[in-house]
Each structure stands twice: as C-alpha cells, then as structure tokens.
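Undergrad: Build me a model from this:
(2 chains)
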Amino acid sequence: MARRILIDPVTRIEGHAKITVYLDDEGNVSDARFHVVEFRGFEKFCEGRPLGEMPGITPRICGICPVSHLLASAKAADAILAVRIPPAADKLRRLMNLGQFVQSHALSFFHLSAPDLLLGWDTPPATRNVFGLAAANPDLARAGIRLRQFGQEVIEAVGGKKIHPAWAVPGGVREPLSAEARDRIKSRLPESLATAQTALQVFKGLLKKFKAETKVFGNFPSLFMGLVAPDGSWEHYGGHLRFVDSGGEVIADELEAARYAEFIGEAVEPWSYLKSPYYKPLGYPDGMYRVGPLARLNICERIGTPLADAELDEFRSHGQGAVTSSFLYHHARLIEILACLEKIQEALEDADLLSTRLRADAGINMPEGVGVSEAPRGTLFHHYQVDENGLIRKVNMIIATGQNNLAMNRTVAQIARHYVRGDTIPEPMLNRVEAGIRAFDPCLSCSTHADGRMALHVRLVAADGTVLDEAVR
Amino acid sequence: MAAKTLTIDGQMVGAAEDQTILEAARDAGIPIPTLCHLDGLDSVGACRLCLVEIAGSHKLQPACVTVVAEGMEVRTNTERLQKYRRLILELLLAERNHICSVCVANGHCELQRLAAAHGIDHVRYGYQCPKLEVDVTHPIFGLDHSRCVLCMRCVRVCWYIEGAGTKNVSGRGSGSRIIDDLCQPWGESETCTSCGKCVHACPTGALFYKGATVAEMERDRGKLEFIVRAREKKQWIV
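TA: As a prediction, the model looks like this:
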C-alpha cells in the first residue's frame, strides 16, 4: 500500500516548512516534497506604496538577511531613478553586504548546522542545538557566536543598527561611515579571521567521516547561477549573472539582471507557497539550478583574496568541473566567510570609504527597475514597476531560497531513498532529511525555529488516508 | 485685563481672563497631551486628548478651547482621563494603517510619541485596515491617507496662515478624507502655493516631502511660530 511520511515542522531553518516522503507499495521512496507552508504577501501589499518606502518595507521580509532585501530594493529604485550612485555609497553598500554574509553564514554554520555536524545526527534533539554545542565545545561555540556578532557589528557600524537599518535609499545611502566605526571594525578583524580559519579546519577534518553524506546529501548534476564580477571573479553585489553546468562549463554569461524574465521562469506548485524558478532554455523542471555559496564558488574563476583563493583550490578537488554535493554548501559557506573578512579588510583601507557624498537626487525617470544582489543564500531579485509619480504598481521578487526549491526537493528524495528500507520509519533518515535541507540554509521567513523543544511530527499515512504509524518527539 | 485664579491639579495658577486651560496649564508647567492643537493655529477641540475634569461638572472639557474662570478646579491626569486618552489613541491607531516601522515619520511622530507616553503596547480594537491611497501627484509633497488622523492642522494652516484654502475635508466620520481644492489630485490644485506649511504642521507621516524614506520626515514647527509671531506681533525672531 502506498504511504506517506510527513516531517512537520522542519527545525533549525529560518521559517516554517514540512516534508512529505511518499512510499510506493514496496516501501520504496517514490517522491519527496519540501512544502513551505507560510504565505507572506509582500508582493501584493507593497502595491500603491511610494517607491522610497520600498527599501524600508522589503527588509522586513526577514530578520536574518534584511540587508539583502535592503540592497536589492535600493538597487531596483536606483534603476527607476536612472542614477549612478556616488562611488562611496557603492563601497559602503558592499561593506554592509559583506558584514551580512559573515553574520548570516556564521548563524547557519555555528548555530544551526554545527550541532548536527559536531555532535552527530543521532544525538537527541534536546541537546543537538547550539546549547549542546556550547556544552561540548565551548570555545568553538563562543567563537562562532562572536563571529556572527562581528558581522552584525559591521552592519551596525555602517547602517546605524544591526537589524532593519533603513540606510540604503534610492540613489545611495543616508549616513557616512565614521572613522571611529571603521576602526572598531578593524580591531575585531584578526579574531574573526582566526575563527573562520578554525571552523574551516574543523569542517575539513570532518569530511572523511561524512563521506556518505557528501555522496547522498543532494549530490546530483544541476546548473549553478549567481553574480560574477566583470573579470569573472567572485561577486556579491554588482557584476552580471552567469550560469554554469555541473561540468563547470559556462553555459550563459554576461546576462543582464534586468532581463531576468528572458532566462528565468517561475513555476508554481499547488503543494507549496514557494515558487520553483528554473532556467528557461532547459524548461521546467529540467532547468533546475542552484544558487548560494556552492553556486557562487562554482561559477567564479577566483575569489581574489589570498586565503580564500587557497581554500577555493582545495574545495574544487571535491568535484569534476563543478562541485555538485549540496552537503558541501557548508564548506563553501565557510570559505565565503573567510573571503568576506578578507574583503572587509581590503575595503577598510580605502580612504574614500569615509566620504560624505553619498546620495544622488532624482525623480522618477523609468517605469520599472530590477535590482539584483547576492544574498547569503543566493541571488536575490527585486523588480518594481511604478506609475509616473513613483507609486508601486507591481512587485516581483525572486528569493534565493526559492531558486533552490527544485534542488531541495531533489535532495530530500535522494536522502530518503538512501535511508528508507522496508515499512518502518527509520529514525536516522528523519534527522538526515532535515540536515539535508539545512545544508541549503533555507530562509523561509523572518523567524528562526532553532528550539530543541520543537516537535518533530512524523506520520505514516496510507493511500486511503488512515494513519498507520505516528511518532512525535 | 483681569487676572483669574484657578487650581490645576491642586496647584494655584494665575491666568489672563482670555486664556484657555491648556495655556494656563502650560504656563504653570503642567503638561496636558494634545494632538490636533498646534501653537499658532486656532484650536478646534477635535482630538479630545486634552480633556480635563472640572469640579462641579460631570462633562469632560477640552482644555484647548475651554477658557479659564475664577475659582475653577481642574484636574488633568486622573485615572478616568488616562483611560479615555488611551482609548482615543487606540481608536486612532485602529482606524487607519499606522505602520511605524516603515513610516517616514518614525521617531518624529506625535501619535507615536503619545502612544508610547500612554503605555500603549497593543490595541484592543479590530484594525480597520482600510485600503487608502497615497497622493504623490504634487511635485514636492505627498499625502498618505493611511497615516492621517484627521486633526485638520493642515487645513487650518492652509486657510488661516497661508490663506490659500487648498486643503479641505470631504466625507463624514471615519470616511472623512483630507482633499485638495474640489477633491482633485494635489498636483492639479490651482490654489496650492507649494509653501509646505501643511507638511510642517502634520503630526504624523501623512504629509511628507517626496523622496523621504523611513524616519526621515522631521518637521520644523518653529517655522510656523515664526510666521505667526512676525505677522501678529511684528517680531521677526528666528
């Protein structure tokens, strides 16, 4: 009899989701679905609001990565104003985004995933969390928490507050960086660099132990997409879009973000509020692509900073062409933390960073604009259409996590297929399916459910709807 | 001019005979919350936040339009008054869409300040969430009906200080709207002089400079007082 395994909710991700695994009559996995069960409605209720409000409203989508929305929104508004923002504003926006990468990646690794990686998948959920990690390895846990704090402090130093700074605006930014704030960032860099390197060593040391996971945690061919700089190096704010395939071949390059609709389609499935974007030339669902740390390292030619580039070389040995295991998102994330710290170091040496010429003033000059920026989780698109006075007519946002939707579904199915045998609910499978999702660091909303008390509810349901087995912990 | 003596919150206070309770209280350093009142403009007693208790009367009186009387005993901050003020503020917050976090006036808003001062951390009434428009047809200014509390400061400043008579009110009750001229887009108004006094008079984020982003809309009330003083007292004190 065909059955269904439901994991509800998925814990230690940002937002609300559940997973269903479908079994066929023989008890083999026939399909798996990652359902996002929350609906936000931002695209709809922004309609009618003045353009200038958008960089204030859209960061409220998320408390983890508000900076990503702030920057994508400001860039879309820059396009509607048809201005080129002052160079120092551009540099400061970049600095803030680097801080955002550090804090978000540190949160993902140390707070959300390290408990799985360092304590083991099968540790009881009550201790498999950041508190358990703090008990088992207090130095690493403290260093990780301080690394996230450093990222937050970069955001605060630039934008005035850690969460939801209304600092980037259409045409530039509002406040300059003070020399005092710059020096404060500088003073904490050495400690942060040391933590990032330690975490990388720890993770690389674990890779041997996680051979099976590397092989089955979402390891499949797919496209990868993200921004690259004009010289093909790693990028997080400007540049152009590039797609590479799993062989590492560039299949589309120098794509203009403003024309995203020509190459990205958005499919809608009835079982999830999360759309499934795909690469149009390959169609749905064959045009599956991944975004985020793994994709960015796969598409760039180099990072451009010495420590991170050395790590990138080593990282590339895990793949032929592109690195295809989603488990290695963790690895890529840690390399990106290192890269961002090195880039922050570089940025702070630029005397122009303290400039006070920061805001281009202009009216509504274009009927629409697209802003694209790399969020920690991947490429983020904000597309606005306005009326002649600048009131929003239409909003389309393509969020990083959405673009990984197809790959996350594939990952869940792959892990379930590997661990499900026969007609019992295999405990190790449940932990690993969740962990597989966590590798993508999905951000489904503004809330983090990182609480060990949160129930994992699993049901085995027959095709006729009767509950055959149920497990709650 | 004869002086009057009254007590406000137990304190003996002297006042000129044509002064209001609000003026007398403020001269004596006794705060009474207001929202529709603005120095330099005629008071209308619309918002009811300045209601006070007067001994011998069951009716609460708005301090901004009630003239002092000899021997009057006024109480400005009783439990009953606090209850009513909270109620008024909660109703104002529920009536339209006051989303402080993304509002241009965040941190510089009189409604927000009053709500905080009265300990309002939630609203007991159902939010009406009306679908209201933003008028940004004017080249410099915008009007967001979602943030309007219908205090009519903009109407009064437009009529009695600028003398343009552009701003007005249409409709009744909660359906009331601030309008320009004959209810046309602000940008098409033939009477508006683009002086900006209404923007500086607005207590919330309803009137704003176009292009202002979150929390950027600060008002310069001093400008209005400067104009009124210059006109009435022939004193040009900046």
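Undergrad: contacts, neighbours, all on C-alpha from now
TA: OK.
Undergrad: tally of neighbours for residue A:318?
TA: Close neighbours of residue A:318, defined as other C-alpha atoms under 10 Å in any protein chain shown, add up to 14.
Undergrad: Spit out the contact partners of the spatially closest residue to residue B:155 that is not a sequence neighbour.
TA: Using C-alpha to C-alpha, 6 or more residues apart in numbering or on different chains and skipping the chain neighbours, the partner closest in space to residue B:155 is residue B:167 (4.9 Å). Taking C-alpha atoms under 8 Å, 6 or more residues apart in numbering or on different chains, we find residue B:167 in contact with B:154, B:155, B:158, B:159, B:178, B:179, B:180, B:181.
Undergrad: 10 Å instead, please
TA: Residues in contact with residue B:167, defined by C-alpha atoms under 10 Å, 6 or more residues apart in numbering or on different chains, are B:152-159, B:178-183, B:186, B:189, B:191-192, B:198.
Undergrad: now for the longest helix belonging to chain B, which elements pack on it?
TA: In chain B, with assignment by DSSP state H, the single longest helix is helix B:79-95. On a contact count with 3 or more C-alpha pairs under 10 Å, 6 or more residues apart in numbering or on different chains; DSSP states H and E, helix B:79-95 meets strand B:51-54, helix B:110-117.
Undergrad: so what pLDDT did residue A:408 get?
TA: Note on residue A:408: pLDDT of 89.
Undergrad: for it, what are its contacts?
TA: A:32-34, A:217-218, A:290, A:326, A:401-402, A:414, A:436-440, A:442 are the contacts of residue A:408 under C-alpha under 10 Å, 6+ apart.
Undergrad: Please, which helix or strand holds it?
TA: helix A:405-419 (DSSP states H and E).
Undergrad: after that helix, next one along is what?
TA: Immediately after helix A:405-419, counting by DSSP H and E, sits helix A:427-439.
Undergrad: Quick one: mean pLDDT for that following helix?
TA: 81.
Undergrad: Also stretch A:135-154?
TA: Stretch A:135-154 comes out at a mean pLDDT of 96.
Undergrad: gap between it and the chain center?
TA: 19 Å (C-alpha atoms, centre = their mean, to the nearest Å).
Undergrad: Please apply the same query to stretch A:113-130.
TA: The answer for stretch A:113-130 is 21 Å, by C-alpha atoms, centre = their mean.
Undergrad: Check which residues of it are buried.
TA: Neighbour counts using 16 or more other C-alpha atoms under 10 Å in any protein chain shown place A:113-119, A:121, A:125, A:127-130 of stretch A:113-130 among the buried residues.
Undergrad: Kindly report the same for stretch A:196-204.
TA: A:196, A:197, A:198, A:199, A:200, A:203.
Undergrad: from those residues, which ones fall inside strands?
TA: Counting by DSSP state E, none of the members of the buried residues of stretch A:196-204 fall within strands.
Undergrad: burial count for the closest residue to chain B within the stretch 101-250 of chain A?
TA: Closest to chain B within the stretch 101-250 of chain A is residue A:166: 6.2 Å, counting by C-alpha to the nearest C-alpha. Neighbour count of residue A:166, defined by other C-alpha under 10 Å: 26.
Undergrad: One more: residue B:238?
TA: 9.
Undergrad: so what's the nearest residue to it once chain neighbours are set aside up against?
TA: Nearest residue to residue B:238, sequence neighbours excluded (C-alpha to C-alpha, 6+ apart): residue B:226, at 6.5 Å. Shown in contact with residue B:226 (C-alpha under 10 Å, 6+ apart): B:40, B:235, B:236, B:237, B:238.
Undergrad: Can you give me the buried ones in the helix or strand containing residue B:226?
TA: According to DSSP H and E, residue B:226 maps onto helix B:221-233. Buried positions in helix B:221-233, judged by neighbour count with 16+ other C-alpha under 10 Å: B:221, B:224, B:225, B:227, B:228.
Undergrad: what's the answer for stretch A:199-218, then?
TA: Under 16+ other C-alpha under 10 Å, the buried positions of stretch A:199-218 are A:199, A:200, A:203, A:207, A:213, A:214, A:215, A:216, A:217, A:218.
Undergrad: Which residue ranges of chain B form helices?
TA: B:21-27, B:79-95, B:110-117, B:153-156, B:197-201, B:221-233.
Undergrad: lowest-confidence stretch among those helices?
TA: helix B:221-233 (a mean of 89).
Undergrad: Mark out where each domain of the chain begins and ends.
TA: No chain specified, so I'll use chain A. A:3-40+A:410-472, A:43-361+A:397-403 (automatic domain parsing).
Undergrad: oops, chain B please
TA: Split by automatic domain parsing, chain B gives B:3-77, B:100-233.
Undergrad: you'd agree residue A:251 is in a strand?
TA: Yes: under DSSP: H, G, I helix; E, B strand; the rest coil, residue A:251 falls within a strand.
Undergrad: Distance check, the residue nearest to residue B:155 against chain A.
TA: 20 Å (C-alpha to the nearest C-alpha, to the nearest Å).
Undergrad: which residues does that residue bridge with?
TA: residue B:180 (DSSP bridges).
Undergrad: mind checking pLDDT for residue A:455?
TA: Confidence for residue A:455, expressed as pLDDT, is 35.
Undergrad: what sits against residue A:234?
TA: A:226-228, A:296-305, A:336, A:339.
Undergrad: Low-confidence stretches in chain A?
TA: A:1-2, A:11-16, A:37-38, A:421-425, A:444-473 (pLDDT under 70).
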